[in-house]
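**Q** Got a predicted structure here, sequence first:
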Amino acid sequence: MKIVVLVKHVPDAQFDRHITGSGNTTDRDESILSELDEYALEAALQLAEEHGGPKAGNEVIALSMGPSGAVNAVKKSLQIGAYSGVHLSDDALAGSDAAATSLALAAAIRHISADGRPVDLVLTGMASTDGETSLIPAQLAERLSYPQVTFASSLEVAGNQVTARRDAGAFSETVEAQLPAVVSVTDQINEPRYPNFKGILAAKKKKIASLSLSDIGVDASQVGLAGSWTVVESAEARPPRTAGTIITDDGDAGIKLVDFLAAQKLL
Amino acid sequence: MANALVFIDNPGAALKKSSLELLTIARSLGETAVAFTGELNDDVAATLGAYGATTVYLPSEEDLDNYLVGPKAAYLAAAVASSGATAVLLDNSPEGKEIAGRLGIKLNAGVITDVVGVEADGTAHKSVLAGSYNTTAKATTPVTVLSVKANNVEPSPVGAAAAPATATIEVPAGAIANSARIAARTEKPVSGRPDLSEARIVVAGGRGVDGDFAPVEELADALGAAVGASRAATDAGWIGHDAQVGQTGVTVSPQLYISAGISGAIQQKAGMQTSKVIVAINKDAESPVFEIADYGIIGDLFKVLPQATAEIKKRKG
């Protein structure tokens, strides 16, 4: 099985995050591997291991699109256990919206399939922790004409079929699709492993392929701010919320709370 | 020719408030049509008319629900072509966003998700990076696809409840072939409480409830609120993961958010800081949640919540 895991280098949500520049794009200093992508990587590693690991011809490829720093998301994925990495980087990609990003990623996946071993499965997190649109799995599937299975909380591959459970919304569902497919996984699917010392050493020997737009046959006008179908016209930092009234319970705080709610017309 | 097309997916016997909100926004964009799935009963048709829909499209295939989003996106693309609409509005549920995403690729149309406000020219307002920025975004394409969060406009009917015309849209053959099939489906037990993502009031519990959600649930029921939880509480198995509020769970934006026994780590704050009014109850005076609370109570939730619940019941008689 050949599995591509999409990994994104995102600003660390533990710190303040900023929007900068004329394109109103996210400042990517202080970035890390998107937390939700670790579940997709773990799911890929488990599937590959269940199917005989690298000896049986399985591959787990971490693919990241982003500026030079994004290679760190690939490196971290290799330390956790991905077998190899691909970093798609080109100045023209900066500011791509979901439509332009999915176009570039679809071309990269076709490129990764072009060595005679087509990709069977594209795994992603349920959302990135920066843009949080959840659009990429659906848009990538549409561009590749693959079925999509989203918000998987369990995952099995048997023969040419992927079977997943989803618990989102009002239903619990079992979903089946033919490979190749795009599957996004939730943070309920597994407990991601941590990189250990052996993994960190091993990662240094693993290959990271660098791809530019010309490698994947995409013109600069199709991506970045130029190729995006949406534009962020303005971005204003929201004034931080300020603390209001704080009281210490002297035995009647519940009643004072109801008084507050009544005064706010919230009862 | 319609200007705006609203997607309404399987509403059942009555339209959800979020659908009425979409119809209200659509009317500000121009003549409105609806792309509908499921059974269109007379009451629902009358309500659609009362909210200004002039045409309701229905799909030629009945089994769209047996597949994940692909066929619905194909149906909606065909409905956009028939209606001539230049703006498509969907709800901001995970499924709504995915249909929006696929529709955008099919139509070469810009997609904007998590929208909290729409101007007459289709310019959209949203809040990003966990509520730390307000942005204005616009599609640069002939058609704009917007998924809109609930609770941001007051639904208002146009008045005269004329039933709209209906028309059937042929679902493109082949739309089903490349889609994942739903092999089995079980409905989860219904709580009777409002849906978390749409609720006007949310009462959420965290680590501080120590396994006992009863006081949180009782206050929620007295207020007609939804119940939410921090990741610590759902990971501990005290309540289902559907209740998780935060960056990796449901993002809520209610009129009132009551946080009980939650310290307010950044990922929790991220899921709720666009709430209009925030109330926090926590024993630990140093909890970060107090930095953003409009009304904070340093105290024991097991004393404060039941007292508040009893007082609300008393005042409501």
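**A** Noted; the coordinates are in hand. Computed from a predicted structure; not experimentally measured. Residues are numbered from 1 along each chain as shown, chains lettered A, B, ... in the order given.

**Q** Show me where the stretch 1-150 of chain B has its strands.
**A** For the stretch 1-150 of chain B, the strands defined by DSSP state E, counting those that start in this stretch cover B:4-9, B:32-37, B:53-59, B:87-91, B:110-118, B:124-128, B:133-139, B:144-148.

**Q** Quick one: closest of those strands to chain A.
**A** strand B:110-118 (3.4 Å; CB to the nearest CB). To be clear about C-beta, it is placed using only N, CA and C from the backbone, and glycine gets the same treatment.

**Q** So in that sheet, which strands flank the closest one, and in what orientation?
**A** Partners of strand B:110-118 in the sheet, by DSSP bridges, are strand B:124-128 (antiparallel), strand B:144-148 (parallel).

**Q** what's that strand in contact with?
**A** Contact with strand B:110-118 is made by A:97-99, A:132-135, A:228-230, B:25, B:28-29, B:89, B:92, B:97, B:100-101, B:103-104, B:124-128, B:137-141, B:144-149, B:152-153, B:251, B:253, as judged by CB atoms under 8 Å, 6 or more residues apart in numbering or on different chains.

**Q** from those residues, which would you call buried?
**A** Burial by neighbour count, judged by 16 or more other CB atoms under 10 Å in any protein chain shown, picks out A:97-99, A:132-135, A:228-230, B:25, B:29, B:89, B:92, B:97, B:100-101, B:103-104, B:124-128, B:137-139, B:141, B:144-149, B:152-153, B:251, B:253 from the contacts of strand B:110-118.

**Q** the helices in the stretch 151-300 of chain B, which residues?
**A** B:214-223, B:231-235, B:266-272 (DSSP state H, counting those that start in this stretch).

**Q** try chain A
**A** A:37-50, A:71-80, A:98-113, A:135-144, A:197-203, A:213-216, A:224-227, A:253-263 (DSSP state H).

**Q** Tell me which of these sits most buried.
**A** Of those, the one with the most neighbours on average (mean count of other CB atoms under 10 Å in any protein chain shown) is helix A:135-144, at a mean of 27.

**Q** Return the list of helices and strands in contact with it.
**A** Counting contacts by 3 or more CB pairs under 8 Å, 6 or more residues apart in numbering or on different chains; DSSP states H and E, helix A:135-144 is packed against helix A:98-113, strand A:121-125, strand A:148-158, strand A:181-185, helix B:94-107.

**Q** want to try TSV for those, with distance to B:R200 as columns?
**A** Below are the helices and strands packed on helix A:135-144 laid out as TSV (distance: least, CB to CB, whole Å):
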stretch	distance to B:R200
helix A:98-113	30
strand A:121-125	31
strand A:148-158	26
strand A:181-185	30
helix B:94-107	20
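
**Q** Out of those, flag the one nearest A:T242.
**A** Nearest to A:T242 among the helices and strands packed on helix A:135-144 is helix B:94-107; the distance by CB to CB comes to 32.1 Å.

**Q** any residue of that closest one up close to chain A?
**A** Yes: counting by CB under 8 Å from any CB of the partner chain, contacts between helix B:94-107 and chain A involve B:P94, B:E95, B:K97, B:E98, B:I99, B:A100, B:G101, B:R102, B:G104, B:I105, B:K106.

**Q** min pLDDT across the residues you listed, which one?
**A** Within the residues of helix B:94-107 next to chain A, pLDDT reaches its minimum at B:P94, with 87.

**Q** CA atoms of stretch A:117-137 as PDB?
**A** Provided in PDB are the C-alpha atoms of stretch A:117-137 (Å, rounded to 0.1, in the frame of the first residue of the first chain):
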ATOM      1  CA  ARG A 117       3.200   2.800  -8.000                       C
ATOM      2  CA  PRO A 118       0.000   4.800  -7.700                       C
ATOM      3  CA  VAL A 119      -1.000   6.200  -4.400                       C
ATOM      4  CA  ASP A 120      -3.700   4.100  -2.700                       C
ATOM      5  CA  LEU A 121      -4.700   6.300   0.200                       C
ATOM      6  CA  VAL A 122      -4.300  10.000   1.100                       C
ATOM      7  CA  LEU A 123      -4.700  10.600   4.800                       C
ATOM      8  CA  THR A 124      -5.300  13.900   6.400                       C
ATOM      9  CA  GLY A 125      -6.200  15.400   9.800                       C
ATOM     10  CA  MET A 126      -9.900  16.500  10.300                       C
ATOM     11  CA  ALA A 127      -8.800  20.200   9.900                       C
ATOM     12  CA  SER A 128      -5.600  22.200  10.100                       C
ATOM     13  CA  THR A 129      -5.200  24.100  13.300                       C
ATOM     14  CA  ASP A 130      -4.700  27.400  11.500                       C
ATOM     15  CA  GLY A 131      -7.200  27.900   8.600                       C
ATOM     16  CA  GLU A 132      -9.600  25.300  10.100                       C
ATOM     17  CA  THR A 133     -11.700  25.200   7.000                       C
ATOM     18  CA  SER A 134     -11.700  21.400   6.600                       C
ATOM     19  CA  LEU A 135     -12.000  22.000   2.900                       C
ATOM     20  CA  ILE A 136      -8.800  20.400   1.700                       C
ATOM     21  CA  PRO A 137      -9.900  16.700   1.900                       C
END
